[in-house]
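Student: My questions concern the predicted model and sequence given below.
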Amino acid sequence: MPVMHEFDPPERFVAGTVGEPGARTFFLQARSGPRLVSVALEKQQVAVLAERIDELLDEVMTATLGDALVPAVAPLGLDDAEPLEQPIDEQFRAGTMTLSWDPSISRVVIEVFPLVDTADDAEEAEDVEPAEVFLVRLEAGPARAFVKRASLVIDAGRPDCPFCGNPIDPDGHLCVRANGFRRRDPA
């Protein structure tokens, strides 16, 4: 049976980073009382999770016809601009994530499973029970606040080149649209 890191609901659930833009490590972090769990993941995983939570809440909002109270945007007072809590001890690196709505408790359910090395045998990897599971249940308001913060965290990285769309490092980058000439951040 896997070790369950369950937060139902957490006092705090956020996405955040450690490091400088271009070399950031992304984390999901949940806290309830003194218990703190941090799970490392990729920037794209944070972006997709935030996008899917937003879509899920929009679907619930239209489908329930008022049965569940789902705000259209993050409620005032739930904004969280604080840094990740210390110490940041990576519990595991995220692999598969699942997302659902539990209508019996009107909460978003997020499950994060550790990254599994499938290089050896993909069939065996599917049958293996994960060693740990990060399980978070959020009410709709805090879920919208998570989406808002996750979007801000993602956008706080390196600026995109207006010509090719690739990230611009502080010392510029070789833009494919500039025939190999180095472009600098226009700001």
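Tutor: In hand now; what should we look at? Computed from a predicted model, the values in this text were never measured in an experiment.
Student: what residues does the strand or helix carrying residue 45 touch?
Tutor: For residue 45, the enclosing helix or strand under DSSP states H and E is helix 43-64. Residues outside helix 43-64 that contact it (Cβ atoms under 8 Å, 6 or more residues apart in numbering): 15, 24, 26, 28, 68, 70, 72, 94, 97, 99-101, 103, 108, 110, 140, 143-144, 146-147, 150-151, 153-154, 157. For glycine as for every other residue, the C-beta is placed from the backbone atoms N, C-alpha and C.
Student: Can I have the buried ones of those residues as a PyMOL selection?
Tutor: Per 16 or more other Cβ atoms under 10 Å, the buried members of the contacts of helix 43-64 correspond to this PyMOL selection:
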select buried, resi 15+24+26+28+68+70+94+97+99+101+108+110+140+143+144+146+147+150+151+153+154
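Student: Now, the contacts of helix 43-64 that are in helices?
Tutor: Using DSSP state H, the members of those that fall within helices are 140, 143-144, 146-147, 150-151, 153-154.
Student: can you tell me which of the residues you listed lies nearest to residue 40?
Tutor: residue 153 (13.8 Å; Cβ to Cβ).
Student: Next one, pLDDT for that closest one please.
Tutor: You'll see residue 153 listed with a pLDDT of 95.
Student: what about the longest strand in this protein?
Tutor: strand 90-102 (DSSP state E).
Student: Geometrically speaking, which residue is the centre of this protein?
Tutor: Nearest to the geometric centre of the chain sits residue 46, at 2.9 Å (Cα atoms, centre = their mean).
Student: any idea how far residue 27 is from residue 89?
Tutor: 10 Å (Cβ to Cβ, to the nearest Å).
Student: and for the two, which residues touch both?
Tutor: residue 38.
Student: Tell me which of these two has more neighbours.
Tutor: Between residue 89 and residue 27, counted using other Cβ atoms under 10 Å, the more crowded position is residue 27 (22 against 8).
Student: residues touching that one, list them.
Tutor: Per Cβ under 8 Å, 6+ apart, neighbours of residue 27: 15-18, 38-41, 84, 88, 90.
Student: That concludes my questions; thank you for your assistance.
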